[in-house]
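Colleague: Test case, fold it:
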Amino acid sequence: MLYDYIIRNYKNDEPIFLSELPGKSRDSVRQEMKRLVDEGKIERLYNGVYYRAYTTILGTRGRMSVDKFIEKRYLKANGEVSGYITGIQLANMYGFTTQNPSCYEVCSNEASTKQRKMDVDGRQLIVYKPVVKITKENRSSLQFLDLMSTIDRYSEISGEELKEKLREFVSSLAVDFGEVRKYISLFPDRVYRNIYQGGLMSELV
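Modeller: Next comes the predicted model:
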């Protein structure tokens, strides 16, 4: 029964959280998942997180998508906006650097400590606690402020090219500068300097 539910509702590389599975009790669901793991039908990533066992077209053992795990656990917990990508990964995604991140970095309401490092299927993940609760309304503004607190360290471009790239970033994320003004005091002072040098100071006044 539970395995049939999993087959119907989860793709091969999708994370399965114990907490979201139906059953009489968490203990009974946990026991059933242990049986499925023992039978080789389900793979256990770590406590409470699983994925379907499958074989790739190359004949190798399939893996869980780390990106899907991060999105489901930290960026859209319970289907609600709860986090965003930050750090070098964010700078790389929007063309400020060609440097490939050595780990995933996210800021999430699901963080239990200020900063937590963990291993997810061989990839390092760093989860940061946000300065305020992340919502659908303020996510892009907080992500912008995070970017502006590190852009002077990560960016490989400068001058007019940097200003143009920042304008593209602000436009693509629909950054609300009313929200930015609300939270900017919670970020390091260098954010003001980086916003000024990025040609966006007029948006704040």
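Colleague: Domain parsing of the chain, as residue ranges.
Modeller: With domains defined by automatic domain parsing, the chain comprises 2-52, 66-204.
Colleague: Go through the ones you listed and pick out the most buried.
Modeller: Taking mean count of other CB atoms under 10 Å as the contact definition, the stretch among the domains of the chain with the greatest mean neighbour count is domain 66-204, which reaches a mean of 16. Glycine gets a C-beta too; all of them are placed from N, C-alpha and C.
Colleague: quick one: which of the domains of the chain is nearest Gly59?
Modeller: Comparison of those against Gly59 by CB to CB identifies domain 2-52 as nearest, at 14.5 Å.
Colleague: Now render the domains of the chain as CSV, adding distance to Gly59.
Modeller: What follows is those, written out as CSV (distance: least, CB to CB, whole Å):
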stretch, distance to Gly59
domain 2-52, 15
domain 66-204, 19
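Colleague: Indicate which one of the ones you listed is closest to Thr60.
Modeller: Across those, Thr60 has its closest neighbour in domain 2-52 (12.6 Å, CB to CB).
Colleague: one step back: I'd like the domains of the chain laid out as a markdown table, including mean pLDDT.
Modeller: Converted to a markdown table, the domains of the chain look like this (pLDDT from 0 to 100):
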| stretch | mean pLDDT |
| --- | --- |
| domain 2-52 | 93 |
| domain 66-204 | 95 |
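Colleague: Let me know which of those is the nearest to Leu58.
Modeller: Nearest to Leu58 among the domains of the chain is domain 2-52 (13.8 Å), distances taken as CB to CB.
Colleague: measure the nearest residue to Val120 once chain neighbours are set aside to Lys34 for me?
Modeller: For Val120, ignoring the flanking residues on the chain, the nearest one in space by CB to CB, 6 or more residues apart in numbering is Val66 at 5.3 Å. Counting by CB to CB, to the nearest Å, the separation of Val66 from Lys34 is 24 Å.
Colleague: Same question for Asp189.
Modeller: 52 Å.
Colleague: Just the residues contacting stretch 7-19, thanks.
Modeller: Counting contacts by CB atoms under 8 Å, 6 or more residues apart in numbering, the residues outside stretch 7-19 that touch it are 6, 26, 29-30, 33, 42, 45, 48-52, 54, 62-65, 68-69, 72-73.
Colleague: swap in stretch 131-141?
Modeller: Judged by CB under 8 Å, 6+ apart, the contacts made with stretch 131-141 from elsewhere in the structure are 80-84, 107-109, 142, 173-177, 179-180, 182-183, 186-187.
Colleague: Cool, thanks, signing off.
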